[in-house]
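Colleague: Show me how the following folds:
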Amino acid sequence: MDLKPLEFDTTQPSIEPQKFIQRCENIQSTLVLKETRGVEFATFLFSGSSKSWFVPLSKRDDMRHQFEQLRQGSMMIMEYEAKFTDLASYTPFLVAYEHEKVRRFMDGLEHRYRGPVVRDVRGGSYEEVVDTALRYEFYQERDRS
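Modeller: Okay, here's the model as predicted:
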């Protein structure tokens, strides 16, 4: 029997949910996992956006709060963007629309970047905003040297 588990990722439609569940059940019965451990095992195999499906409510609330309070502070823009993207994955309803995602990202930018980015990318996409902020950061760092 092949015990190599499938990963389930909602962004990969080639993996059918029913096939994933059946495969997990087969592995769990072979390994004699108790029902509670079986659920933990199955959720461990989730990846992509499906990973946030079984995050405890208390953790989701904490992540939402962190997301709402997120500011660039002393982080480089790449660090800030990575943290923003990670926390946003727990609160997709707060960034369901592109303009809302852009607004939230820009609100958290350091003031020295926010002004130029707003001026240069009014109405732009999230990617354009991030790219513009990175460019301004690069030039500021270069000019400091």
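Colleague: The helix or strand hosting residue 115 - what's its average pLDDT?
Modeller: Residue 115 belongs to helix 111-120 when assigned by DSSP states H and E. Averaging pLDDT along helix 111-120 yields 90.
Colleague: Can you name every helix or strand that whichever helix or strand comes after it contacts?
Modeller: Using DSSP H and E, the helix or strand that directly follows helix 111-120 along the chain is helix 126-144. Here helix 126-144 touches helix 77-88, helix 98-108, helix 111-120, going by 3 or more CB pairs under 8 Å, 6 or more residues apart in numbering; DSSP states H and E. Using the backbone N, CA and C atoms, a C-beta is placed for each residue, glycine as well.
Colleague: Now helix 126-144 - C-alpha only, PDB.
Modeller: Provided in PDB are the C-alpha atoms of helix 126-144 (Å, rounded to 0.1, in the frame of the first residue of the first chain):
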ATOM      1  CA  TYR A 126      -1.700  45.800  -5.200                       C
ATOM      2  CA  GLU A 127       1.300  44.600  -7.200                       C
ATOM      3  CA  GLU A 128       1.900  48.100  -8.600                       C
ATOM      4  CA  VAL A 129       1.700  49.600  -5.100                       C
ATOM      5  CA  VAL A 130       4.200  47.100  -3.700                       C
ATOM      6  CA  ASP A 131       6.600  47.500  -6.600                       C
ATOM      7  CA  THR A 132       6.400  51.300  -6.300                       C
ATOM      8  CA  ALA A 133       7.000  51.200  -2.500                       C
ATOM      9  CA  LEU A 134      10.000  48.800  -3.100                       C
ATOM     10  CA  ARG A 135      11.400  51.200  -5.700                       C
ATOM     11  CA  TYR A 136      11.200  54.200  -3.300                       C
ATOM     12  CA  GLU A 137      12.800  52.200  -0.500                       C
ATOM     13  CA  PHE A 138      15.600  51.100  -2.800                       C
ATOM     14  CA  TYR A 139      16.300  54.700  -3.800                       C
ATOM     15  CA  GLN A 140      16.200  56.000  -0.200                       C
ATOM     16  CA  GLU A 141      18.600  53.300   1.000                       C
ATOM     17  CA  ARG A 142      20.900  53.900  -2.000                       C
ATOM     18  CA  ASP A 143      20.900  57.700  -1.300                       C
ATOM     19  CA  ARG A 144      21.800  57.100   2.400                       C
END
